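Undergrad: Structure for the following, please:
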Amino acid sequence: MNLITEDIKYGISTTPEKNVEKTLYFRTKNELKHNSYFQNELKKCYGKFQSISCLCNNNKKLYLTSKNITGSAKYFLAIHKNTGTEHKENCLFFLSKENLVDNEGNYHSSIFEEPTYIYQPTTSEKKDTEEKESQRKNTYYNFCRDFIRDSYSYAFNKKNKDAKSRLTLKNPSELDFRDSFFDNYENKENNLIKNQSIKESIPKNHTLVFGTIRENIFEQLDNPKDTYSINVEKLEKEFEINKKTNKPEFKSYKLNNKKYKIDHKRLLLTQNLIKNFGNIIEGPYFFIGVLQKKEWKDKKTKKTITNYKMVRMFVHPIYSENQKISFIESNYERNYARQLFDNNIPFIKPMSDTDFSKVHSRFVNYETNERDKDNNKIWKRAYLKYRPDFIEFYENHIKITEVSGYEDEQYIKLMNRKIEHYQREGEKSNGLYQANEVKGK
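TA: Now for the predicted structure:
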């Protein structure tokens, strides 16, 4: 099996049975834990020597081992002894200087803050700090993707918990997503932080902020300077006092206009998140940032001065109109999402392979010719080796859609491989799944 973290193209190759090599795509350890298909493949590799290898290093075979999480039915991947630093630095299996994600995919709160910078550091100390910051930043990006993925999947499934068939499926509204996002943020039973809510895990003097960015904040980079101001719409809850209980009760959500400071390097790194094959994806964007609060005494006035600095910044392009939201990855996809909403077609826009695995089986499974040990029919959902742009639900079929549009040779080759794979899955499902390539232009 090849397990490849999508977009960055590192992962693992395994041959769990019959010497059939498989490739799986994923982005985070958390996704690996919560995707039932991935877990089934790791279970097959459990106890088998050298059945899994990482693909991040083309020059060397780096083996991984499937292990069982104590006290559960979950499996995770462990590196072999003395090989951790031979993985690429952006690989999930690189031996980080800090334990930022545990084997169960839970994130550590240190990802929300910068490492401590030493005054006049030695060359090795400077390098060590830079490596820590790079690893924290990249892990924070993964956390944000998992946060959004879980929130949208929960919103979709909650919206459709009483749906009887694909014909009665509905798209969650922007309000539904906000409810789900705040539940994830405030609930101790989230899938991202162990034994506490995301809100409780934020370090002292740091604040997690999120909402919408509608301006082109990146055009400022054309005029380099140390610090920039960015205008955002911060998503917050609005409360009112219940006259009977005299306690605050949730009233509605509101978007408050805020202006935050961000340094040149942070904004430049954030811009890389909205590039697709070198093309800049236009706004609006959903953002998740971390503000660090700093206070000091003015020597002359003796007054306390408070300053807020954006030390973490994640942005993701969105379609956001008429109380509808979709997390898109190109300007073409935004236009296509608008068409789906306008035509009331239920769909998911996967941020990971796990999104599809969380859709209830009654909407996606098809009958196979296989039988289990008790001679019962086996039902399956399509195995999606790649992450499609959209999965659309119709009464009698499911479209697996790719919105094409770029001219890059690598992109075209990848698109052809995707469509061929979806067509094969369609044949297996007797036509339930249909490959659909849409020309974005």
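
Undergrad: okay, CA-based contacts and neighbour counts for the rest of this
TA: OK.

Undergrad: Mind telling me which residue is nearest the centre of this protein?
TA: When the chain is reduced to its mean C-alpha position, the closest residue under C-alpha atoms, centre = their mean turns out to be Arg145, at 2.2 Å.

Undergrad: Pretty sure that one sits against Pro350.
TA: No - counting by C-alpha atoms under 8 Å, Arg145 stays clear of Pro350, with 10.8 Å between them.

Undergrad: Longest strand in this protein, by number of residues?
TA: Determined from DSSP state E, the single longest strand within the chain is strand 304-321.

Undergrad: related to what we said a few turns ago, got a list of what the residue nearest to the centre of the chain touches?
TA: Contact partners of Arg145, counting by C-alpha atoms under 8 Å, 6 or more residues apart in numbering, are Met351.

Undergrad: Next, the angle from the helix or strand where it lies to strand 304-321.
TA: For Arg145, the element it lies in under DSSP states H and E is helix 123-159. Orientation of helix 123-159 against strand 304-321 (axes from the mean of the first three to the mean of the last three C-alpha atoms, to 10 degrees) gives an angle of 40 degrees.

Undergrad: Show me what counts as buried in helix 123-159.
TA: Neighbour-count burial for helix 123-159 flags 129, 131-133, 135-137, 139-157, 159 (criterion: 16 or more other C-alpha atoms under 10 Å).

Undergrad: Check what contacts stretch 420-433 and list those residues.
TA: With contacts defined as C-alpha under 8 Å, 6+ apart, stretch 420-433 is touched by 366-368, 382-385, 396-400, 434-435.

Undergrad: Closest to Lys29 out of those?
TA: Lys29 has its nearest neighbour among the contacts of stretch 420-433 in Lys385, at 17.1 Å by C-alpha to C-alpha.

Undergrad: one step back: how far is the helix holding Arg145 from where the chain is centred?
TA: 8 Å (C-alpha atoms, centre = their mean, to the nearest Å).

Undergrad: Could you do stretch 351-364 as well?
TA: When C-alpha coordinates are averaged (C-alpha atoms, centre = their mean), stretch 351-364 and its chain have centres 15 Å apart.

Undergrad: Surely Lys237 is in contact with Lys254?
TA: Yes - using C-alpha under 8 Å as the test, Lys237 is close enough to Lys254 to be in contact (6.2 Å).

Undergrad: Would you list the buried entries among the contacts of stretch 420-433?
TA: If you count burial by 16+ other C-alpha under 10 Å, the buried members of those come out as Tyr366, Ala382, Leu384, Lys385, His397, Ile398, Lys399, Ile400, Gln434, Ala435.

Undergrad: got these as CSV, with pLDDT columns?
TA: Shown next, in CSV, are those (pLDDT from 0 to 100):
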residue, pLDDT
Tyr366, 94
Ala382, 92
Leu384, 86
Lys385, 81
His397, 97
Ile398, 98
Lys399, 98
Ile400, 97
Gln434, 97
Ala435, 97
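
Undergrad: per-domain residue ranges of this protein.
TA: Structural domains annotated on the chain: 2-95, 133-329, as defined by automatic domain parsing.

Undergrad: Tell me the buried residues in stretch 205-212?
TA: His206, Thr207, Leu208, Val209, Phe210, Gly211, Thr212.

Undergrad: nope, stretch 401-416 is what I was after
TA: Those buried within stretch 401-416 under the rule 16+ other C-alpha under 10 Å are Thr401, Glu402, Val403, Ser404, Gly405, Tyr406, Met415.
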